[in-house]
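Trainee: Fold the following and give me the result.
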Amino acid sequence: MVANSPLAITCIQTGLASQTFVRRHIENILPGGTIVLTDFLAQPQTSFWTVNCPQQAVYGALQAAEPNIGQRIVRAIDRKLLLRVCSRSKLEAIKKTLIESRVQVIMGEFLDISFPWFHVAQDLKIPFFAHAHGGDVHVLSRDPKWRKRYALLKDAAGVITPDQQTLRALLDLGLPESKLHAIPCGIDVPSEPPKHSAGPELRCIAVGRMVVKKGPLITLEAFRQAAQQCPNIRLDFVGSGPLWKECVDFVQKHGLNDQITLHGDQKNERVHSLMKDADLFLQHSIKNTKTGDQEGSPVAIKEAMANALPVISTRHAGIPETVIEAATGFLVDEGDASGMAKHIVALASDAALREKLGYAGWQQVRDHGSWQQECNQLRTLLGLDITQSQ
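Mentor: Alright, predicted model coming up:
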């Protein structure tokens, strides 16, 4: 017997290191009442997280050992072909499962990845909400083919965005304002701000995929400049990606192996452990001028603020909607490594200011960026009641 699952959530695959927000949506919007529609079933041994709910996969299980292989494969093909590649019998079986599960609403993670499921929802007359996350809008909206497809989302129940800038980009595509909903990604916020001891070393932390829009090499350059004036500072950098080797080469070239630790991808629990031991959070987000890729509203920045860490970042995309300049941290222009270095140096020598900014950041996300706030807004928009899963 198929369990009653009023909510279906679509994604490439579960377990991707950079998509813990997808995990939160799956596990917590409607616990016990959610079914997951994926392209691939990831292997538990290569996943950074797993979910305990029914999953339906178009292509079946991933055989590769590398957890991001599904994301690379799917983004390399024309997403419009996805359900054409899927056999008719497989597609009909998935539709049958949705009907038997009594799915009342479908939320698709990322506009491009979820787009084929929009047509499935239309066939079954199930309300469909597409959830944008940044690059899926800012990069693909430059492609006339995708602009045309996204325009069809005017017939969806709605499109969710993490910030006002992404919402405005969708307005520029001609989507009606009445269908667009800005709901910032929320995070868990402790009831009291964590305390950070003032030791002999000042620990900075950066968390993010090593891709152009995250500006990892600019972050490293800013730290290098700051370290020349403050030899007692250290940097923990969590993340991996296409720029990994360049980051490793940078650290070695400048003799920073004793001051910078490149951790690669880490589970969320390990990231939070490193944040608790840190004093500053760094993220130099920039627009990728070649592809147009840029941030939405980075979850890692909010997680840092929840841990009472002052943030040094950039005036980019949705970041100024989260980081209040000179109140919860400092912002510099994109590409300004020297400006970022100056703020690192200033905060390195002022424990009182770090504590003041960190406390204000914790208050900011407690009042305006918690997971419970996001969850309540999503449930209301999707027409879900927590009692439906009980």
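
Trainee: end to end, how far does stretch 254-261 reach?
Mentor: Using Cα to Cα, to the nearest Å, one end of stretch 254-261 lies 13 Å from the other.

Trainee: How far does stretch 195-212 stretch from one end to the other?
Mentor: In stretch 195-212, first residue to last residue: 33 Å (Cα to Cα).

Trainee: Buried ones in that stretch, by neighbour count?
Mentor: His196, Leu202, Arg203, Cys204, Ile205, Ala206, Val207, Gly208, Arg209, Met210, Val211, Val212 (16 or more other Cβ atoms under 10 Å). C-betas here are computed from N, CA, C, even on glycine.

Trainee: swap in stretch 213-233?
Mentor: 213-227, 230, 233.

Trainee: which stretches of the chain have low pLDDT?
Mentor: The model of the chain has pLDDT under 70 over residues 1-3, 45-46, 60-87, 388-390.

Trainee: ok so, going back, of the buried residues of stretch 213-233, which belong to helices?
Mentor: Secondary structure defined by DSSP state H assigns Pro216, Leu217, Ile218, Thr219, Leu220, Glu221, Ala222, Phe223, Arg224, Gln225, Ala226, Ala227 of these to helices.

Trainee: Break the protein down into its domains, please.
Mentor: Per automatic domain parsing, the domain ranges recorded for the chain read 7-186+370-389, 202-368.

Trainee: and the shortest one, how far apart are its ends?
Mentor: Right, the one you point to is domain 202-368. Per Cα to Cα, domain 202-368 runs 28 Å from first to last residue.

Trainee: Do I have it right that Phe170 meets Leu180?
Mentor: Wrong residue type there; residue 170 is Leu, not Phe. Yes. Shown here, Leu170 and Leu180 form a contact pair, counting by Cβ atoms under 8 Å, at 5.6 Å.

Trainee: sorry, back to before: of all the domains of the chain, which one comes closest to Glu192?
Mentor: domain 202-368 (8.5 Å; Cβ to Cβ).

Trainee: Tell me how many other residues surround Phe21.
Mentor: Neighbour count for Phe21, taken as other Cβ atoms under 10 Å: 19.

Trainee: Check which helices and strands the helix or strand hosting it is in contact with.
Mentor: Applying DSSP states H and E as the criterion places Phe21 in helix 20-28. Using 3 or more Cβ pairs under 8 Å, 6 or more residues apart in numbering; DSSP states H and E, the elements in contact with helix 20-28 are strand 7-11, strand 34-38, strand 105-109, helix 371-382.

Trainee: The longest one - contacts with which helices or strands?
Mentor: Packed against helix 371-382 by the contact rule (3+ Cβ pairs under 8 Å, 6+ apart) you find helix 20-28, strand 105-109, strand 158-161.

Trainee: With the second one instead?
Mentor: Counting contacts by 3+ Cβ pairs under 8 Å, 6+ apart, the secondary-structure elements packed against strand 34-38 are strand 7-11, helix 20-28, strand 55-57, helix 88-100.

Trainee: what pairs with the third one, and is each one parallel or antiparallel?
Mentor: Counting by DSSP bridges, the strands paired with strand 55-57 are strand 34-38 (parallel).

Trainee: What lies in contact with the strand it pairs with?
Mentor: Strand 34-38 is touched from outside by 5, 7-14, 26-27, 51, 53-58, 94, 97-98, 101, 103, 106, 117, 389, with contacts defined as Cβ atoms under 8 Å, 6 or more residues apart in numbering.

Trainee: hmm, try it at 7 Å
Mentor: Contacts with strand 34-38, where a contact means Cβ atoms under 7 Å, 6 or more residues apart in numbering, come from 5, 7-14, 26, 51, 53-57, 94, 101, 103, 117.

Trainee: One more: stretch 207-221?
Mentor: 18, 206, 238-244, 246-247, 250, 271, 282-288, 293-295, 300, 335, 337.

Trainee: Please pick the buried ones from those residues.
Mentor: Among these, those classed as buried by neighbour count (16+ other Cβ under 10 Å) are 18, 206, 238-241, 243-244, 247, 250, 271, 282-288, 293-295, 300, 337.
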